[in-house]
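A.B. asks: sequence-free structure coming up:
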C-alpha cells in the first residue's frame, strides 16, 4: 500500500526531550487499520518513508487523541531536509506490513 499526503508537523515534549511527528490523515489511517498484518508492540505498523530526497524505515503508531497514525520525524531527516519545528511536509509512505 503506497500513500502520499501532506501533513502538519507537531511537537510532543517529554521530560527529557522534544519529539516531532506528522499525523496521517484520518481516512488513510482508517484504510491502514483495515489491512490484516502481524501484531506489533503499541499497534505499530512498519513503513518505508520518503520526504524530499531522504528515505528511511520506521514505524507509524496509532494516536488515540488524533484518531490517526503518527509518523516520527527523526532529527537526521529533519536536518537533511531542512524541516523546521512547524509547518507542513509532503510524505510518501509505503506500508510494509500490509
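C.D. replies: Thanks, I have it. Predicted model, so just to flag it, every value in this text is computed and none were measured. Numbering: from 1, shown residues only.
A.B. asks: Give me the phi and psi angles of residue 33.
C.D. replies: phi -60, psi -30 (degrees, to the nearest 10).
A.B. asks: Quick check on the residue sitting nearest the centre point of the chain: phi, psi?
C.D. replies: Compute the mean C-alpha point of the chain, and by Cα atoms, centre = their mean the closest residue is residue 71, 1.5 Å away. Dihedral pair for residue 71: phi -110, psi 120, per degrees, to the nearest 10.
A.B. asks: List the contacts of it.
C.D. replies: When contacts are counted by Cβ atoms under 8 Å, 6 or more residues apart in numbering, residue 71 is found next to 7, 21-24, 47, 49, 58, 60, 91, 93. Quick note: C-beta positions are derived from backbone N, CA and C, even for glycine.
A.B. asks: distance from the centroid: which residue in the chain tops it?
C.D. replies: The chain, Cα atoms, centre = their mean, max distance from centroid: residue 15 (21.9 Å).
A.B. asks: A helix includes that residue, no?
C.D. replies: No. Applying DSSP: H, G, I helix; E, B strand; the rest coil, one finds residue 15 to be coil, outside a helix.
A.B. asks: residue boundaries of the helices in this protein?
C.D. replies: Along the chain, counting by DSSP state H, helices occupy 26-34, 75-81.
A.B. asks: Wait, residue 31 touches residue 24, no?
C.D. replies: No. Taking Cβ atoms under 8 Å as the definition, residue 31 is not a contact partner of residue 24, at 9.5 Å.
A.B. asks: Those two: which is more packed in?
C.D. replies: residue 24 (24 against 15; other Cβ atoms under 10 Å).
A.B. asks: Which residues are in contact with the more buried one?
C.D. replies: If you count contacts by Cβ under 8 Å, 6+ apart, residue 24 has them with 3, 5, 7, 32, 60, 68-71, 93.
A.B. asks: Just those: which are in strands?
C.D. replies: Among the contacts of residue 24, DSSP state E puts 3, 5, 7, 60, 68-71, 93 in strands.
A.B. asks: tell me which residues form a beta bridge with the residue nearest to residue 49 when sequence neighbours are not counted?
C.D. replies: Distances taken as Cβ to Cβ, 6 or more residues apart in numbering put residue 93 closest to residue 49, at 5.3 Å, once the chain neighbours are dropped. For residue 93, the beta-bridge assignment (DSSP bridges) gives partners residue 3, residue 49.
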